[in-house]
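> Quick one: sequence plus predicted model below, questions after.
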Amino acid sequence: MPRKTIKLLTYNVHSCIGSDRKLDPGRIASVIAETEADIIALQEVDVGRRRTGGIDQAHIIASLLKMQAHFHPALSVAEEQYGDAIITALPTGAVKSGPLPSIGETRGALSVEITVGDQKLLVVNTHLGLRGRERIQQMTTLLNSGWLHGTAESPLPTVLCGDFNAIPSSATYRLVTRTLKDAQLAGPGAPRATFPARYPLMRLDHIFVSGDLVVKKAAVFENRLTRVASDHLPLLAEIGFA
């Protein structure tokens, strides 16, 4: 198969609770379907939590999209889980998940190898902490502990995405952009803020790509539905292989 481009979406779904306080995984799935994304990285996903009716949000969203979900609970209390998911209909290989050094709420990361045509792509999804020092430790771990690029023998084109709780002037952002490209800067058009969804002021959600990937387009997906479905706006990038 020839090399192709893929659409990748990162989206903090706020436990599928919108700014209207309505719990609606179907609404989140509708937002994602409208973007026609091939690979979806979600943060703040509830699985088996009493506050959201005990449902498996990752599985429900994936089912509605006719895709498969890989979920990593950053936080587990008895049967209740909360964390990150990667959803796709493309063939997947090795999956890695684990905690990141955390001061406050436990944070983690999830990586999945995904086959795109005749290429393999490593997608790493994370949700970093609220404290600056904590985020630096977490990003340093992601950059230096074998999370990115696959194995040393066979490095893979890599996407690191998620809710970084870090604006572009932050030390965390500067650290990651030493080695990876910010998709919103690589794609045409000016970068757009992702939070809060109703009146976006801050660029907290990012898609970073390795040098062997090309960003064709990157855009914050904003319409009447996305402004209410979560407290973050989704970020979409169209990515090709160099």
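The structure has been received and is ready for your questions.

> Mind jotting down where the helices sit in this structure?
25-35, 57-64, 132-144, 171-176, 183-186, 226-229 (DSSP state H).

> now these in a markdown table, with distance to residue 241, mean pLDDT and mean neighbour count?
Using the backbone N, CA and C atoms, a C-beta is placed for each residue, glycine as well. Formatted as a markdown table, these follow (distance: least, CB to CB, whole Å; pLDDT from 0 to 100; neighbours: other CB atoms under 10 Å):
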| stretch | distance to residue 241 | mean pLDDT | mean neighbour count |
| --- | --- | --- | --- |
| helix 25-35 | 21 | 98 | 19 |
| helix 57-64 | 25 | 98 | 21 |
| helix 132-144 | 22 | 96 | 18 |
| helix 171-176 | 21 | 98 | 18 |
| helix 183-186 | 14 | 94 | 20 |
| helix 226-229 | 29 | 98 | 22 |
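
> residue contacts, residue 149?
122, 155-156, 158, 210 (CB atoms under 8 Å, 6 or more residues apart in numbering).

> Below-threshold pLDDT in the protein: ranges please.
1-3, 151-153 (pLDDT under 70).

> show me where the chain has strands.
Remark: strands assigned in the chain by DSSP state E are 6-12, 39-47, 68-77, 80-88, 92-100, 107-116, 119-127, 158-163, 181-182, 205-209, 213-220, 235-241.

> out of these, deepest packed?
strand 39-47 (a mean of 27; mean count of other CB atoms under 10 Å).

> Does anything pack onto it? Which helices or strands?
strand 6-12, helix 57-64, strand 68-77, strand 80-88, strand 119-127, strand 158-163 (3 or more CB pairs under 8 Å, 6 or more residues apart in numbering; DSSP states H and E).

> How about residues contacting the longest one?
Put plainly, it is strand 68-77. Counting by CB under 8 Å, 6+ apart, 45, 47, 56, 58-59, 61-62, 81-89, 92, 95, 97-99, 105-110, 112, 127 sit against strand 68-77.

> Equivalent analysis for the first one, please.
With contacts defined as CB under 8 Å, 6+ apart, strand 6-12 is touched by 28, 31-32, 35-44, 90, 116, 121, 123, 125, 127, 159, 161-163, 195, 205-207, 221, 230-232, 234-240.

> redo that, cut-off 7 Å
Residues from elsewhere that reach strand 6-12 (CB atoms under 7 Å, 6 or more residues apart in numbering): 32, 35-44, 116, 159, 161-163, 205, 207, 230, 232, 234-239.
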